[in-house]
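Undergrad: A predicted structure for the sequence below; I have some questions about it.
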Amino acid sequence: MKLTANREGLLTAFQVVSSVVPARSTKPILTQIKLEASQEQSVLLATDLEMGVRYQVSGLQIQEPGQAVLRTSEVGMILRELPDEMLEIEATDSGITIAGAASRFELPASDPLQFPEIPDFGDRKGHRIKAGVLATMVKRTHFSVAPENSRYALHSLLIDFVDDKMQMVSTDGKRLALMPGQVTLEGERPEQLSLVPPRTLTLVQKTVLDPEEEIEIALSDNDILLRSSKVTVYSRLVEGRFPRYQDVIPSETGVQVPLTVGTFQAAVRQAKIVTTGESKGVDFRFSEGMLTLESRASDVGQSEVRLPIGYDGEELIVTFDPQLLLDALRVLDDEEEIILGMTDAKKASVLKTRDGYSYVVMPLTRER
Amino acid sequence: MRTIRPLSPDVVSKIAAGEVIERPGSAVKELLENSLDAGAGSIIVDVAEGGRDLVRIVDDGHGIPREELPLAVAAHATSKLIGADDLFRIRSFGFRGEALNAIAGVSDFTIRSRPEEQEVGALLEVHHGHPDDVRDTACPRGTQIEIRNLFASVPVRRKFLKSKQTEFGHVAEAMIRTALANPDVGFRLVHNERVVHDRPRTASLRETIGVFFGDRLADKLVPIDAERDGIRLHGFVGDPSLDRPNSRGQYLFVNRRYIRDRSLSHAISEAFRGLLMTGRYPVAFLFFEMPSDQVDVNVHPTKIEVRFENPHQMYSHLLASIRNEFLSSDLTATLRAPAPKSEAPATSESSAATSTDGSAEARRSLNREFSLSSAPANSPSLWDAPATPTESSPPRESATPSPVARRTAPPAPSRSEPSTWEPPTTREPLNPENGQSAAADADEPSIADSSLPAEPQPTVETFHAPQGDDRPRHRALQIHNSYIIAETDDGMLLIDQHALHERMLYEEFRRRVAEQAVETQELLVPEPIDVTPTQLGLLLEQRAVLQRLGLRIDEFGERCVLVQSVPTLLSRAKLEELVREIAHRLEETGRVPSRDELLEDLLHLAACKAAVKAGDPLTDEEIQQLMRRRHLVDDSHHCPHGRPTMLRFSLQELEKQFKRI
């Protein structure tokens, strides 16, 4: 393999791909990145066997097609450190040479045939969704994914198809976020629910700049493939049971309070000041025309924050962990109108937007 | 049908002997008490083969007149009691008139005695209840008793004697108890012609403890001295690092009489609650002095159990007195830099040198002082200089009624006290009303204290003064993701982040449970956790206790529980791990623990699980938060496991190390 590469183009691709490379592996070749170069297309590949990525590199002039396995940290640094616009890369059985105008590196070569196959679309067809829509879905659900190594099945984003929409759902047990998005179905509407590792979706989303660009999603029983113009990501699905999210979202709430994201968020942030990691609760008192947030932490002090609201029902006090609300408010626009629906101090409350976003939060209680 | 007959005196004495004398150790106890009642100034206990072959007690007391010797071994004959009313004014140890008779009934018994005024001693031998005639003998003033072939005539009982080591252990224990209670009498214990313990009559209590339990233990005792309602309590309790796997390190005395009392033992454990790991017991040497009409010692043949007129008062007195010492003492371990070598021989001088400035006296009384040599938990590699035990004289010790060894004994290098610490008197003592009801959990003084508004305390160490956020922030730095180095006004602290955080969580959690204000996050999606069917049963049984902690669980099939809510305090803990650990703990406990015990146990467990671990990187904010809230926890100097949470280095010590001063 022999080629001349635009350094910056290759560096960008290299950085995206290297996010998949495992730091340690029992198969050392997995800690490296594979470059496949041909006249038609050139791709960088990386995989940890759970997930794989293929990234189309542009700006390569191929003298001799072929493939090579590149050491992630050394090549990454070479691409970053060299000032040259163009670099020459040559791979033989004995080694890999990377050369700029004033520098030259010779690195040992591994056998590219040892690098595992990464599944590709082949002739599979995917449902199509706009990158902007997907990005919003990820943004509004990603934060309530359960942390890794806690509840296994909950460390995922659930993808479900309802009518002509795709829904993305996440929960960590305390709250649940659901965001629907318009999708163009290709063939049958998938019946099954798919649990997708969150990093799969964030990786795809990072590589797309144009929100109008369409992204293809192909699902099978145990894997997912996503494709944008630049990148193809493969991942195994998370196995396990995701709770029936439809049952968790309260269908009816006795109390509905209209709020504006910006002002509500500001009030909650103020109320949060006088809370601690151990004493989180803020009492939300909804009374006629007024929302009063009261917080008290034994060693920090207490606070009272008031916000006029359009509510004229009976007084209701619900205690929330303000951070749980802020997590959701932060991913919404300040001007957005939301409805906060509640039943009582013990049952789940739900925050809804006009575009179909639902965010369910469990309150805090005091055990007696 | 058999007829009813009175038992022969021989049989009666054997039965009685069974009650009072069950082993050589109990014979020793009885004889020691006789010697003490005879005003002995020194007593020698000499045994062979654990006492099975020989027990010999030699005293220099006032002796028994020749004509009274036969009476001494007769049943229910005593010089110590005349009428029944005297029973309630007992100031002597023995009074039932049983001991000698009982022993003589089951052994080859020889008594030699000579009162001062009698020129020739008298000797009486009794062979398993059959006395010979009294003979003349040469003998020094006092009484000697020899017991050979104990229980030879009662084979059943002899068979039940344990190994000679075990029996000797009981003999030694009997003597230790007696010696502790009688500081003004010399005691020597000889086993198979080897001197095992020798306690001179001039020894202080601390020295006595050193003789019997080693100097290392004796050096780490906290003096207690408190008087309430005419009852004086004094003695020592061990620093939490001296914990034992059982309560046998606890010696309780009432009017110089060793006693056992469940309620008082419980009071000691209560006082140490939170400072020791579960299953560990503190060491204590405590003496009650009280009017003899407030305690009935005639409830048990061996007089080991007594009945108090007002047991509740005793309980709260004991609990409050110990706790008061702990609350008012700063247990923060101070790493004493080794004194320069040249000063080593004059250790007392070097300690005097540290108190040249006015505050040093007070600070020293606040600080627990550690020398490196006696504190293996500290990292010795911090200092390359060889550790030299540093002596310090706690100022209050001279005021305690039992003067400390070092003052009376000649200074010997091997008996320096490397780690003495002394509680200060600066803090307001626990108020008695609080102590009265201390049996109730809600009245934990620590809880009450932490909820009080911040008040300036006259401590030298500003870091401890609860000034909240007004306190200028000192710099703090995390090292190795495990320890925090924090600057203080007069030096620095090295803090174990896990231990401190755990302690803080524990205190906070315990306070909230007591106030019934455990903040709980309801779960939208209950978390299923697999357990064994046994564990499931145990967990469900203790549901109410778990709920008080904010953990609400439900049954979910036969091998699974569903967690419905989690306390926010434990948000760092992994729920699954926590619940499994709790289930495991319940299984281990085996019996059904009391609610309070279980709650306490689970609080420890939960705090440990939820605390930051060694190796967890902390943000500056988190470090500041730890440091800021440190003062809230009044005994945060030990984590719930009883390990120290921090080491203190004073600027002065550092400067000394760098030879600036």
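TA: Sure thing, it's come through.

Undergrad: so, in contact with chain A or not, the strand ranked longest in chain B?
TA: Longest strand in chain B, counting residues (DSSP state E): strand B:518-530. Yes - applying Cβ under 8 Å from any Cβ of the partner chain, one finds strand B:518-530 in contact with chain A at B:518-527. The way it works is simple: take the backbone N, C-alpha and C, and place the C-beta from them, glycine included.

Undergrad: can you pull the buried residues of the helix or strand following that strand?
TA: Downstream of strand B:518-530, the first helix or strand assigned by DSSP states H and E is helix B:533-541. For helix B:533-541, the neighbour count (16 or more other Cβ atoms under 10 Å in any protein chain shown) marks B:535-539 as buried.

Undergrad: Let me see the mean pLDDT of helix B:533-541.
TA: For helix B:533-541, mean pLDDT rounds to 84.

Undergrad: just stretch A:38-52 next, same as before
TA: Mean pLDDT, computed over stretch A:38-52, is 92.

Undergrad: Quick one: end-to-end distance for it.
TA: End-to-end distance for stretch A:38-52: 20 Å, by Cα to Cα, to the nearest Å.

Undergrad: can you give me how far that stretch is from the chain middle?
TA: On the basis of Cα atoms, centre = their mean, to the nearest Å, stretch A:38-52 sits 21 Å off its chain's mean C-alpha point.

Undergrad: how about low-confidence regions in the chain?
TA: All of this is about chain A. Within chain A, the segments meeting pLDDT under 70 span A:298-299, A:367-368.

Undergrad: you looked at the wrong chain, it should be chain B
TA: B:1, B:9-20, B:75-97, B:274, B:277-278, B:301-302, B:326-474, B:589-594, B:629-644.

Undergrad: and it, which residues reach chain A?
TA: B:451, B:468, B:505, B:508, B:516-527, B:547-550, B:552, B:565, B:567-569, B:571, B:574-576, B:625, B:629, B:632.

Undergrad: Compute the number of surrounding residues for residue 311.
TA: No chain specified, so I'll use chain A. 20 (other Cβ atoms under 10 Å in any protein chain shown).

Undergrad: Let me rephrase: I mean chain B.
TA: Neighbours of B:Pro311 (other Cβ under 10 Å): 15.

Undergrad: what about it, distance to B:Ala320?
TA: 15 Å (Cβ to Cβ, to the nearest Å).

Undergrad: same thing with A:Met1?
TA: Per Cβ to Cβ, A:Met1 is found 84 Å from B:Ala320.

Undergrad: List the contacts of the closest residue to A:Lys280 other than its chain neighbours.
TA: Of all residues beyond its chain neighbours, the one nearest A:Lys280 is A:Asp321 (4.5 Å), with distances taken as Cβ to Cβ, 6 or more residues apart in numbering or on different chains. A:Asp321 makes contact with A:174, A:280-282, A:364, B:521, B:568 under the criterion Cβ atoms under 8 Å, 6 or more residues apart in numbering or on different chains.

Undergrad: Let's see that with 10 Å instead.
TA: By Cβ atoms under 10 Å, 6 or more residues apart in numbering or on different chains, the contact list for A:Asp321 reads A:174-175, A:272, A:275, A:280-282, A:327, A:361-364, B:519, B:521, B:568, B:571.

Undergrad: cool, and A:Ala266?
TA: A:260, A:305, A:307, A:329, A:334.

Undergrad: Also A:Pro197?
TA: Listed by Cβ under 10 Å, 6+ apart, the contact set of A:Pro197 reads A:50-51, A:145, A:148, A:155-157, A:203, A:224, A:235-238.

Undergrad: Scan those residues and report the most crowded one.
TA: Ranking the contacts of A:Pro197 using other Cβ under 10 Å puts A:Leu157 first, with 26 neighbours.

Undergrad: Would you mind giving both backbone torsions of it?
TA: The phi/psi pair for A:Leu157 (degrees, to the nearest 10) reads phi -110, psi 130.

Undergrad: my guess is it meets A:Leu176, correct?
TA: No - using Cβ atoms under 10 Å, A:Leu157 is not in contact with A:Leu176, being 11.8 Å away.

Undergrad: Give me the common contacts of these two.
TA: A:141, A:144, A:169-170.

Undergrad: returning to what we had before: tabulate the contacts of A:Pro197 in TSV, adding columns for distance to chain B and secondary structure.
TA: Shown next, in TSV, are the contacts of A:Pro197 (distance: Cβ to the nearest Cβ, whole Å; DSSP: H, G, I helix; E, B strand; the rest coil):
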residue	distance to chain B	secondary structure
A:Glu50	22	coil
A:Met51	25	strand
A:Val145	13	coil
A:Glu148	12	coil
A:His155	13	coil
A:Ser156	13	coil
A:Leu157	15	strand
A:Leu203	26	helix
A:Ile224	23	strand
A:Ser235	24	strand
A:Arg236	23	strand
A:Leu237	19	coil
A:Val238	15	coil
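
Undergrad: Of these, which pair is most distant in space?
TA: A:Glu148 and A:Ile224 (18.3 Å; Cβ to Cβ).

Undergrad: show me the contacts for residue 258.
TA: No chain specified, so I'll use chain A. Contacts of A:Pro258 (Cβ under 10 Å, 6+ apart): A:309-311, A:337-340.

Undergrad: that's the wrong chain, I wanted chain B
TA: With Cβ under 10 Å, 6+ apart, B:Tyr258 has these contacts: B:29, B:173-174, B:176-178, B:180-181, B:251-252, B:303-304.

Undergrad: Could you pull up phi and psi at it?
TA: Per degrees, to the nearest 10, the backbone of B:Tyr258 is at phi -70, psi 130.

Undergrad: is it in a bridge, and if so with what?
TA: Counting by DSSP bridges, B:Tyr258 is bridged to B:Phe253.

Undergrad: Between A:Met1 and B:Ala320, point out the one with more neighbours.
TA: B:Ala320 (24 against 20).

Undergrad: give me the beta-bridge partners of B:Phe109?
TA: B:Val126, B:Ile147.

Undergrad: returning to that earlier point: just checking: what are the partner strands of the longest strand of chain B?
TA: strand A:364-367 (antiparallel), strand B:560-567 (antiparallel).

Undergrad: And for whichever residue of the stretch 51-200 of chain A sits closest to chain B, the neighbour number?
TA: In the stretch 51-200 of chain A, the residue that lies nearest chain B is A:Gly173 (4.7 Å; Cβ to the nearest Cβ). A:Gly173 has 21 neighbouring residues, counting by other Cβ under 10 Å.

Undergrad: Next one: it from B:Ser565, what distance?
TA: Separation of A:Gly173 from B:Ser565 (Cβ to Cβ) stands at 11 Å.

Undergrad: shared neighbours of those two, anything?
TA: The contact lists of A:Gly173 and B:Ser565 share A:362, B:521, B:523, B:526, where a contact means Cβ under 10 Å, 6+ apart.

Undergrad: residue contacts, the second one?
TA: By Cβ under 10 Å, 6+ apart, the contact set of B:Gln521 is A:173-175, A:280-281, A:320-321, A:324, A:361-365, B:550, B:565-568, B:570-571.

Undergrad: can you rerun that using 8 Å?
TA: Counting by Cβ under 8 Å, 6+ apart, B:Gln521 touches A:174, A:321, A:362, A:364, B:565-568, B:571.

Undergrad: Show the buried residues in the residues you listed.
TA: A:174, A:321, A:362, A:364, B:565-568.

Undergrad: I'd say A:Thr92 and A:Ala109 touch.
TA: Yes - checked against Cβ atoms under 8 Å, the pair A:Thr92 and A:Ala109 is within contact range at 7.2 Å.

Undergrad: neighbours around A:Arg104, how many?
TA: Neighbour number of A:Arg104 under other Cβ under 10 Å is 10.

Undergrad: who's it bridged to?
TA: A:Ala99.

Undergrad: wait, isn't it in contact with A:Ile96?
TA: No - the pair A:Arg104 / A:Ile96 is not scored as a contact, 11.5 Å apart, by Cβ under 8 Å.
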